[in-house]
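> 3D, please:
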Amino acid sequence: MPAHNAITPDKLSRLAALPGSPRIIDLRDTPPEAIPGSLFRVDDDPSRWIDDSERTMVVVDADGGGKAVSAAAILRSEGKPAEVLEGGFAAWTAAGLPTVSLAHLPERHADGRTWWVTRARPKVDRIACPWLIRRFVDPDARFLFVAPGEVLAVAEQQSAEPFDVADEGVFWSHRGERCTFDVMVEAFGLSSHEPLARLASIVRGADTGRPDVAPEAAGLLAISLGLSRMHSDDHEQLEAGIAIYDALYRWCRDAQTEKHNWTSHQPSRVKVQP
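Below you'll find the model as predicted:
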């Protein structure tokens, strides 16, 4: 049983990277890897970390010691639900839970967010990649959508990271038969996370015209093209698309074995003895 006002790594792992998951605040200085969806606050005053959401905040340090305990206590004194990760990051890694490599994370802006830029009118990769970044890498990431010929100029002007652009100088792009989503999953050290590996095959099939890669790829492509025709605003489309990837990820994580047909959810008939 976890200590008072603490959450175990196992319980947090079931909540992380999902819509409505706790806001995870990592207090460690420039760590090489982190829990998926972690935020890093440069302000030392925990009362300034509070946002308008009603989500619980989970504070993480190296071992679940005093630094996290005091920060969570201050947050609770401000009326914000806050817990400490029991055992800290050390307990998370000891449990073999997935981590995000921060080696390729772009430099943060003054607002504490990473900025990204790509081509307008997204379809598959340019929705899947922002979903991955928001759920696993930087929940507050900002995305800019511009005309294809303006991506690199805007990237330089705004210090934004370009992605899914056909240019040899762009790190986040297709490589051989792999799409940009594949590249991000690997570069962020998430390839061993089985649900994401499964999702990556679906995205790859939909994005590269290879429905044979995964049975779900054709459906994802159909949904993606439909969304692009429903929304003229790229950011509205992104928000609608993120819900699709949330559902796909949850299916990849713990719903693949569930079957559905006309009788799968019918109550069993009880025979009445004469």
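> C-alpha only now, for contacts and for neighbours.
Will do.
> just give me how far the helix ranked longest in the chain sits from the chain centre.
Criterion DSSP state H: the longest helix present in the chain is helix 234-254. Using C-alpha atoms, centre = their mean, to the nearest Å, the distance from the centre of helix 234-254 to the centre of the chain it belongs to is 10 Å.
> send me that helix as CSV with only the CA atoms.
Provided in CSV are the C-alpha atoms of helix 234-254 (Å, rounded to 0.1, in the frame of the first residue of the first chain):
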residue,chain,number,x,y,z
ASP,A,234,-5.5,22.4,-38.9
HIS,A,235,-5.6,22.8,-35.1
GLU,A,236,-9.2,21.7,-34.9
GLN,A,237,-8.3,18.7,-37.0
LEU,A,238,-5.3,17.9,-34.7
GLU,A,239,-7.5,17.9,-31.6
ALA,A,240,-10.1,15.6,-33.3
GLY,A,241,-7.3,13.4,-34.5
ILE,A,242,-5.7,13.1,-31.1
ALA,A,243,-8.8,11.5,-29.8
ILE,A,244,-8.5,8.9,-32.6
TYR,A,245,-4.9,8.0,-31.6
ASP,A,246,-5.9,7.9,-27.9
ALA,A,247,-8.4,5.2,-28.8
LEU,A,248,-6.0,3.3,-31.0
TYR,A,249,-3.3,3.4,-28.3
ARG,A,250,-5.7,2.1,-25.7
TRP,A,251,-6.8,-0.7,-28.0
CYS,A,252,-3.1,-1.5,-28.6
ARG,A,253,-2.4,-1.5,-24.9
ASP,A,254,-5.2,-3.6,-23.5
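> which other residues reach it?
Helix 234-254 is touched from outside by 18-19, 120-122, 127-128, 130-131, 145, 194-196, 198-199, 224, 227-228, 230-231, with contacts defined as C-alpha atoms under 8 Å, 6 or more residues apart in numbering.
> what of stretch 181-190?
Under C-alpha under 8 Å, 6+ apart, the answer for stretch 181-190 is 98-104, 125, 128-129, 132, 137, 172-175, 191, 196-197, 200, 203-204.
> equivalent analysis for stretch 206-219, please.
For stretch 206-219, using C-alpha under 8 Å, 6+ apart, the contacting residues are 124-125, 177, 179, 201-205, 220-221.
> hmm, which two among these are most spread apart?
177 and 220 (18.1 Å; C-alpha to C-alpha).
> between these two, tell me which one has more neighbours.
Taking other C-alpha atoms under 10 Å, residue 177 and residue 220 do not tie; residue 220 has more neighbours (22 against 11).
> quick one: the more buried one is in a helix?
Yes: applying DSSP: H, G, I helix; E, B strand; the rest coil, one finds residue 220 inside a helix.
> nearest residue to it other than its sequence neighbours?
Leaving aside its chain neighbours, residue 220 sits nearest to residue 206 (6.2 Å; criterion: C-alpha to C-alpha, 6 or more residues apart in numbering).
> report the buried residues of the host helix or strand of the one you found.
Per DSSP states H and E: residue 206 is located in helix 194-207. For helix 194-207, a neighbour-count test (16 or more other C-alpha atoms under 10 Å) marks 195-207 as buried.
> now it against helix 234-254, angle please.
130 degrees (axes from the mean of the first three to the mean of the last three C-alpha atoms, to 10 degrees).
> show me the shaky parts of this protein.
Along the chain, the parts satisfying pLDDT under 70 run over 1-2, 264-274.
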